[in-house]
Structure formats: structure tokens, C-alpha cells
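> Got a predicted structure here, sequence first:
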Amino acid sequence: MHIRIGTRSSRLAVWQAEYIQELLRRGNVSSELIFIETKGDVVLDRSLSKIGSKGVFTQELEDQLHEGRIDIAVHSAKDLPSTLPPGLEIIAFTERETPNDVLVSRNKNLSLRSGEPFRIGTSSTRRVAMLRHYCPHITTVDMRGNLQTRIRKLDEGQCDALLLAYAGVHRMEYDDLIVEHLPIDQFIPAVGQGSVAIEVATSLAKPLRQTITKLINHVPTAACLQAERAFLARLEGGCSIPSFALAHWTDERTISLTGGLVSLDGSELIRETVSGTSEEATHLGRTLAGSILELGGNAILQTIREQL
Ligand SMILES: NCc1[nH]cc(CCC(=O)O)c1CC(=O)O
């Protein structure tokens, strides 16, 4: 068995693809990497919400899946839209890395808790809105590009710190630059943060599919992501809306899902927690989205759509 893996060529994408190669190798499955550029890699002068929220980092890989030039596409689960195009599906999610966000800086004394004003580089609508909500003394600077590019911009003095997913910072071995771990009960991450997803064409041969799922899929993570992604799908939002959700799997096969929405100006933050069995994961996500929309989420989304 040999698998052609499609991946973007940023260092984080390659780390993820090589991690998948290693999981396959443990099951004696050989593989090769095929590098594919996406719009998100090429267009760096516009914010993601302006390029068009859906599939910015996934479209070109999906085209290659459809054409049968690659067997699987590897993505950060966070970058995958909540609804996939017809003919494609996700068959595995890797075990999730610690999901929180971290503050990255050359200045060890910086802290969001101190109340001191400083500038944070980020292009995430969620992070900007959450900072406005929890830390109004902070200024944000719009900043696109992969991790290496952002750290270069930090070093050039375009900002004093970056707000990033721990998963990516750790995988790129920038742990030394972490000056603060953000509290997970306030700064709830984006749906899927910290897990790697495997996307395939629904036509992929069954034995291949079963082997991949067996070697790569982490059942508790997959159940959590199913709940989180159902939440996101119901909000019909990609990365351009400031939504957040994180599910926890407890040993009794129970999932607890916390998530919500924050208005772009940070003035309103709506969040709720629901729990149920892992079999009801999709239902949990939809239920959470329903109550968030009712509790004021509809109005927040309406305002955002008018501004985009
Ligand atoms: N939006 C880009 C992106 N997609 C996945 C990660 C980090 C790794 C992960 O969450 O799997 C990042 C960078 C970041 O948000 O800091």
C-alpha cells in the first residue's frame, strides 16, 4: 500500500504531512508528499475575510483529490470549512495538541494580565474581537503570512507580540518565545484548533480508507471535532466570523461543548455550554449553535454581514 499525500508547503503544513507519514509508517504503509500551493499561500496582501472565507487554504488540494492525483489531503483541522464540497469527506482527525492560544514575544515581561498597553499582530477576527472584549488596552495590527513571516514582522518591530495557536508554535519549535499561555476558559480557540484532518474523495478505495482511519483517527478527538464542526456549520461561518468552540471528552464518553460568538467590536460575547454522549456529537453542536443564535448571535452575525 502506497499513499500520495497532498500538502501545502509552509513549514507547519510539512510538519503535519510528515507527522501523518510517520503514523502511516508505523502501520507499514509507505507514502510520498505532493506539494500544492493554495490561494491563502499566494495572496498575502489581503485579509482572509476579504479573500473569501471558504476554502482559502483547501480549494487547490480538493481539486487534486477530485482529479485523483493525490489520495489524501492533509489540513490543519481549523482551516477546513465546516461543510465540504460534494464528493469529499474527512476520514480521520489526529489526537489534538493542547488547544490554547499563546502570546509570543521577544519581550519576556509582556503579559495581557498586566493592563499595560502594547501591540499584537494577528489577522484572526476571533482573536481581534476577543482582545477587544477581554483586553481593551491592547491594540491589534493586521498581520498575515505563515509563522516564520509573522515572527520576522515581530522582529522588524511591526508589533510587540503575536497571538498564535500553541499547537503551531510548539510544532515549529518556537516554545522559547512563548511569554504567556492564554486562559482557555476565556480565550476559547477556533473550532478544530490543534488537530490535523485527513480529507479524501468519497470514491477512495475502501481498504485504503479503512487502513488510513485505523492508523490516524483518534476517536475522542474526532467526536469533539464532530460536535465543534456541527456548531460551526449551523452558524454558516468560516474563519471570517469571530466564533469559538471547544469540546472536551470525559472518560464516561460524555462530551462537553463550550462555544459562542463575540461581536467585532468586543462589546458582546455570548457563550454557552452543552453536554451529552459522544453519539450525539452532531446534535450537541447544532443545539449549541441554536441557543447562541437565539441569545443574540443572530444580531451579531447580521451586523458582521453588513460590515464585510
Ligand atoms: N489560521 C492558520 C492556522 N491554522 C492552524 C494553525 C495552528 C495549528 C493548529 O491549530 O492546528 C494556524 C496558525 C495559528 O492560528 O496560530
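Noted; the coordinates are in hand.

> CA only for contacts and neighbour counts going forward, please
Fine.

> Show me which residues of the stretch 1-150 of the chain are close to the ligand?
76, 78-79 (Cα under 6 Å from any ligand atom).

> For my notes, please list the residues you listed in a markdown table and give distance to E280, secondary structure and pLDDT for each entry.
Supplementary listing: those in a markdown table, determined by distance: Cα to Cα, whole Å; DSSP: H, G, I helix; E, B strand; the rest coil; pLDDT from 0 to 100:
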| residue | distance to E280 | secondary structure | pLDDT |
| --- | --- | --- | --- |
| S76 | 24 | strand | 95 |
| K78 | 21 | helix | 94 |
| D79 | 24 | helix | 89 |
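
> Considering those, which is situated nearest to the ligand?
Nearest to the ligand out of those is S76 (Cα to the nearest ligand atom; 4.7 Å).

> For the closest one, which non-adjacent residue is closest in space?
V196 (4.7 Å; Cα to Cα, 6 or more residues apart in numbering).

> any chance of the residues of the stretch 1-150 of the chain next to the ligand in TSV, plus neighbour count?
Listed next are those as TSV, based on neighbours: other Cα atoms under 10 Å:
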residue	neighbour count
S76	22
K78	20
D79	21
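
> could you pull out the helices for the protein?
Here the chain has its helices, by DSSP state H, at 11-26, 39-42, 48-51, 59-66, 125-134, 147-155, 166-171, 206-216, 219-235, 281-292, 298-307.

> So which of those is the most surrounded?
Ranked by mean neighbour count, the helices of the chain are led by helix 219-235 with a mean of 24 (mean count of other Cα atoms under 10 Å).

> So which elements touch it?
strand 88-93, strand 243-250, strand 254-262, helix 281-292 (3 or more Cα pairs under 8 Å, 6 or more residues apart in numbering; DSSP states H and E).

> so how far is it from its chain's centroid?
Taking Cα atoms, centre = their mean, to the nearest Å, one finds the center of helix 219-235 at 12 Å from the center of the full chain.

> Just want the angle from that helix to strand 88-93.
140 degrees (axes from the mean of the first three to the mean of the last three Cα atoms, to 10 degrees).

> Quick check: the spatially most central residue of the chain vs A190, distance?
Geometric centre of the chain, nearest residue: K78, 2.0 Å, by Cα atoms, centre = their mean. Using Cα to Cα, to the nearest Å, K78 is found at 7 Å from A190.

> One more: R119?
Applying Cα to Cα to R119 and A190 gives a distance of 21 Å.

> which of these two has more neighbours?
A190 (26 against 16; other Cα atoms under 10 Å).

> Go ahead and confirm that one touches A247.
No: the pair A190 / A247 is not scored as a contact, 11.0 Å apart, by Cα atoms under 8 Å.

> Any idea which helix or strand in this structure has the lowest mean pLDDT?
Counting by mean pLDDT, DSSP states H and E, the weakest-scoring helix or strand in the chain turns out to be helix 48-51, with a mean of 62.

> just for the chain, where's the confidence low?
44-54, 237-239, 308 (pLDDT under 70).

> can you rerun that using 50?
Applying pLDDT under 50 to the chain flags no residue at all.

> Kindly report the domain assignment for it.
1-93+195-217, 101-181, 219-308 (automatic domain parsing).

> do the last one and the ligand meet?
If I follow you right, that is domain 219-308. No: taking Cα under 6 Å from any ligand atom as the criterion, domain 219-308 and the ligand are apart, separated by no less than 8.1 Å.

> Renumber starting at 29 from here on
Got it, the first residue is 29 from now on, which makes the last one we talked about domain 247-336.

> still on that earlier bit, looking at the helices of the chain, spot the one closest to A120.
helix 234-244 (5.4 Å; Cα to Cα).

> counting contacts, what elements does that closest one pack onto?
helix 39-54, strand 116-121.

> 10 Å instead?
strand 30-35, helix 39-54, strand 116-121, strand 224-229 (3 or more Cα pairs under 10 Å, 6 or more residues apart in numbering; DSSP states H and E).

> what's next to the second one, contact-wise?
Around helix 39-54, the neighbours that count as contacts under Cα atoms under 10 Å, 6 or more residues apart in numbering are 30-38, 56-63, 101-104, 122, 174-176, 195-197, 199-200, 223-226, 239-240, 242-245.

> now the angle between helix 234-244 and it, please.
110 degrees.

> can I get the CA coordinates of helix 39-54 in CSV?
C-alpha atoms of helix 39-54 as CSV (Å, rounded to 0.1, in the frame of the first residue of the first chain):
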residue,chain,number,x,y,z
ARG,A,39,6.8,24.6,7.3
LEU,A,40,3.8,23.9,9.5
ALA,A,41,2.0,22.1,6.7
VAL,A,42,5.0,20.0,6.0
TRP,A,43,5.4,19.2,9.7
GLN,A,44,1.7,18.0,9.7
ALA,A,45,2.2,15.9,6.5
GLU,A,46,5.4,14.3,7.9
TYR,A,47,3.5,13.5,11.1
ILE,A,48,0.9,11.7,9.0
GLN,A,49,3.6,9.9,7.1
GLU,A,50,5.1,8.7,10.4
LEU,A,51,1.7,7.4,11.6
LEU,A,52,1.3,5.5,8.3
ARG,A,53,4.8,4.2,8.5
ARG,A,54,4.0,2.7,11.9
